[in-house]
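In: Below: sequence and its predicted model.
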Amino acid sequence: MSDPAGVAEAPRNYTKKDFESDQDVRWCPGCGDYAILSAAQKMMPDLGIPREDIVFISGIGCSSRFPYYMNTYGFHTIHGRAPAIATGLRLARPDLKVFVVTGDGDGLSIGGNHLLHVIRRNVNVTVLLFNNKVYGLTKGQYSPTSELGKVTKSTPMGSADRPVSPCAFALGAGATFVARTVDRNIAHMEETIKRAARHHGAGFVEILQNCNVYNDLAWNILYDRESKITHELKLEHGKPLLFGPVDDRHGLVLEGAKPRVVKVREVPESTLWVHDETDPWKAHILAQLAEPDFPIPIGVLQRVEGPVYEELLLEQERKAIADRGPGDLAALLVSGDTWRIG
Amino acid sequence: MGETVAPAVAVQKQRRQLDRAVVRFAGDSGDGMQVTGEQFTIEAAWAGADLATLPNFPAEIRAPAGTLFGVSSFQLQFGSCRIYTPGDRLDCLVAMNPAALKVHVGDLKEGGLLIVNTDTFEKKNLDRAGYPANPLDDPALAQRYRLHKVGITRLTMEALEGLPLNIREKERCKNFFALGLVSWIYTRPIEPTLSWIAKRFGKSETLADANIRALKAGFHFGETAELFTECYGIEPAEMAPGLYRSMTGNRALAWGLLAAAERTKLSVVYGAYPITPASDILHELSHYKRFRIRTMQAEDEIAAVGAVIGAAFGGAIGVCATSGPGMALKAEGINLAVMAELPIVVFDIQRGGPSTGLPTKTEQADLLQALYGRNSESPVVVLAPMTPGDCFFIAYEAIRIAVKYMVPVIVLSDGFLANGAEPWLIPDPKTLPDIPVNFRTDPAGFFPYVRDEATLARPWVRPGTPGLEHRIGGLEKEHITGNVSYDAENHDLMVRLRAEKVRRVAQEIPPTTVYGPAMGDLLVVGWGSSYGTITAAVEAAQQEGKPVASLHLRYMNPLPPDLGQILRQYRRILVPEVNSGQLVRVIRAEYLVDAVGFNRVRGLPLQTQEVREAIDQMLEDKQMLEDKR
Ligand code: SF4
């Protein structure tokens, strides 16, 4: 069984429309999810995978309604468990292209364990984690990515737990592909999701998403025209890490394992940190960059190769069959110690 | 590997014929009692006996040596008649140390054979077992039982003299000495054990030699030592002719899956998180990749059932097994399969609870959980095997029903069935019923929740089928279209449809067999692993002319369609269970009959004798019977 991910099989000529289902989209007007849906639908034809070979699996939460709106196979499952369900599906059907759609609550709170393991096993799935730093569907409690001290319905005096960084979590779990993108940047989203989908192994994408009802403008630092210039660090493989206005470019340098922001014109060009997606050490540093001291990296933090869980298991199956032939129950039943009566 | 014990003059000893015997090997958990028992089982079976076994071991992996809670035992009953249970009281107890004696001697019949390894009866072990003085010095012990004091450790060491092994290695062979001795006492052939040793220790000729020497030394010791004046013969049982093998419940469940995989040509995704006593199914299945069994050791119980649901969505057979608290964790996943109407099978190897409870002990207390233990209206099919070998057929049947009705099926095995063994007449796989798998491929008129008229099953569609792209999920579905629906009437309809679908599985259930008179004073109703005990107790009562019948349920939900009719033919109904009265509640609720429970929850199977007494009690209550006439 061939794996379709990244293999262009002379596809039908799909357009975005082919991936729109007949269901009415039910997110709140103005929700960032609309843009993500649109980007996903738009990039699907480029994957060159027959529509029927694509499955979207989700958990619970606003993000997890996603499969209903994709005209592919889809399964809206239970809270946090989508990675486990996707793993079983891949084990049964390695010929399918499987996406997991989750959120910061679904993926990092109730489903943190499953997310850890789907990444660690490097199951060949594309994980899209919508991070709006709040629980939307349950109407506005703080989430595991909410900043410390977040005042919400459940935390009138501010939350007391520190947030987790989804990308750092993924890298810590041993991810082979980790990226971050923003719902207000359709082109970047399309490109990033596409790259994740073509990755061989678990492709993890954190999508910064706006919940305009319960946590409006949580990512305003990357939306606002001014602050975006000073805070968005676009990662480009082989290029120096630069941000800031054209007339006052800033860059990053590494002093040992410690990053530092510098003014580009004040340092020799050769000292600037040049982005290398294949460097897992530096990816860990990138994932830790956050305001107020640092810009927010957007793009592919890391892309390396790694053994894929279901492929190893299925290789064992192939080998067992090649070595000893397919299973034969009748032979098995009479093998070993038996005795005859009568 | 030659003879090891100097052949003594064979003393002609008397052999007495028995029709059955109950033997228990007991020792430290490091003494190899399980292997000893398993080997004795094979020997007994080879000689044509019918049998049933009861392994019993501590939850601790390496319990401190010599302690009471570290005692491990293996019991079997074998005989020339039909054997239904491992037996209540022992004819023979082998106690390898003081703790084993203390824990088990109370189960030995008066006048029973008591073999003790005297070499372990020293201060340290006596202290650990809580004996203030050596119990072997108490004359009462020898008066009450036929006590044989054997220096098993010393005799083993002597037999192994000259072998290049250290003391510890030699000492570890003592269980085979004990096995050899008991094999002689009950005239069991040691050949199967000899070939087992050769295979097991194939890599080390010295170890193989040592164990063989110990085994033979034990056997010859029985033959020659004046200690033993007689031995026992047990004729082969009258059993259906054919090829047999010893079968445990866990292995039978695993092999049932292999059979279903072979028949359906589908791959099986088996998701499991290690848990006692279900883990052996995972171990067993992991060897059968050739059958396209894909075992996944999941990160937790929830992921295990999740993976299985994902596999079923993908058109494979999804199966998982668990026990105790694991079953609680799977409730959410099972409910997703209920809503999504996907065929999954969950084996619940029931163990003592609640919470962590008694991980290595048996119980039948998950019935109500399987039936009702999930949020909202959550009908699933529930099956229960009645013997270790029956687990094979139940596993196969579970998959057949799951696939045919697109429904989750729970199988209630338990610790007793899981580890217990019986001689199993090997079936011809060709005689197993067919499992038709019809994946929908036709887009004309397709909706995810259109239903088959006879089964109410919705179509099973493999992703990858062009034109049938669709979305399902845990939200309530609109009838036929499968679209998300919050409509009140639709929800009511769907609740009914899901229940009706499970109810229709009743059409798969064969007519119920009643053992004994078709009507009368008393019917004993059982389910699951208590089949053997109940059957033995009822047969004994019937032989005494008591008006009692029994029936045994394998289909717990839905119940057999003829059950109500049968129940009403009897004045009284007794339901023995290893729980506080679960099936009895269901029967009372479903059929409005005055069923009475007999319940013991000790982590052990019920005893034949106590069920016998419960039967007598029910029959003695003349007034009650009269009132019902
Ligand atoms: S609650 Fe927030 S995340 Fe959910 S749909 Fe509305 S805007 Fe979007």
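Out: The structure has been received and is ready for your questions.
In: From start to finish, how long is stretch A:267-285 in a straight line?
Out: Length of stretch A:267-285, first residue to last, Cα to Cα, to the nearest Å: 21 Å.
In: right, I mislabeled it, should have said stretch A:156-175
Out: End-to-end for stretch A:156-175, by Cα to Cα: 36 Å.
In: contacts for that stretch?
Out: A:104, A:107-108, A:112, A:115-117, A:119-120, A:122, A:129, A:131, A:133, A:142, A:144-152, A:178, A:180, A:202, A:204, A:206, A:280, A:283-284, A:286-288, A:290, A:301-302, A:306 (Cβ atoms under 8 Å, 6 or more residues apart in numbering or on different chains). Quick note: C-beta positions are derived from backbone N, CA and C, even for glycine.
In: And that stretch, what's buried?
Out: A:Ser159, A:Pro163, A:Val164, A:Ser165, A:Pro166, A:Cys167, A:Ala168, A:Phe169, A:Ala170, A:Leu171, A:Ala173, A:Ala175 (16 or more other Cβ atoms under 10 Å in any protein chain shown).
In: same thing with stretch B:153-170?
Out: Those would be B:Thr153, B:Leu155, B:Thr156, B:Met157, B:Ala159, B:Leu160, B:Leu163, B:Leu165, B:Lys170, for stretch B:153-170 by 16+ other Cβ under 10 Å.
In: now, which of these lie within helices?
Out: Among the buried residues of stretch B:153-170, the residues falling in helices (DSSP state H) are B:Thr153, B:Leu155, B:Thr156, B:Met157, B:Ala159, B:Lys170.
In: Spell out which parts of the stretch 101-250 of chain B neighbour chain A.
Out: The stretch 101-250 of chain B comes close to chain A at residues B:Pro192, B:Trp196, B:Pro236, B:Met239, B:Ala240, B:Pro241, B:Gly242, B:Leu243, B:Tyr244, B:Arg245, B:Ser246, as judged by Cβ under 8 Å from any Cβ of the partner chain.
In: who touches B:Gly516 in this structure?
Out: By Cβ under 8 Å, 6+ apart, the contact list for B:Gly516 reads B:Val538, B:Gln542, B:Val548, B:Ala549, B:Ser550.
In: Which of the buried residues of stretch A:156-175 fall in helices?
Out: Among the buried residues of stretch A:156-175, DSSP H puts A:Pro166, A:Cys167, A:Ala168, A:Phe169, A:Ala170, A:Leu171 in helices.
In: can you put those in JSON lines and add pLDDT and distance to B:Leu54?
Out: As requested, these are arranged in JSON lines below (pLDDT from 0 to 100; distance: Cβ to Cβ, whole Å):
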{"residue": "A:Pro166", "pLDDT": "98", "distance to B:Leu54": "52"}
{"residue": "A:Cys167", "pLDDT": "98", "distance to B:Leu54": "55"}
{"residue": "A:Ala168", "pLDDT": "98", "distance to B:Leu54": "53"}
{"residue": "A:Phe169", "pLDDT": "98", "distance to B:Leu54": "48"}
{"residue": "A:Ala170", "pLDDT": "98", "distance to B:Leu54": "50"}
{"residue": "A:Leu171", "pLDDT": "98", "distance to B:Leu54": "52"}
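In: For the closest residue to chain A within the stretch 101-250 of chain B, the count of nearby residues, please.
Out: Residue nearest to chain A within the stretch 101-250 of chain B: B:Pro241 (2.4 Å; Cβ to the nearest Cβ). Neighbour count for B:Pro241, taken as other Cβ atoms under 10 Å in any protein chain shown: 10.
In: measure it to B:Lys430 for me?
Out: 18 Å (Cβ to Cβ, to the nearest Å).
In: Give me the distance between stretch A:188-204 and the centre of its chain.
Out: Offset of stretch A:188-204 from its chain centre (Cα atoms, centre = their mean, to the nearest Å): 8 Å.
In: Quick check, pLDDT for the residue most central in space within chain B.
Out: Nearest to the mean C-alpha position of chain B, counting by Cα atoms, centre = their mean, stands B:Leu417 at 0.4 Å. pLDDT, B:Leu417: 97.
In: Shouldn't it be within a helix?
Out: Yes. Checked against DSSP: H, G, I helix; E, B strand; the rest coil, B:Leu417 lies within a helix.
In: For the ligand, give me its nearest residue in the stretch 501-629 of chain B.
Out: B:Lys501 (34.0 Å; Cβ to the nearest ligand atom).
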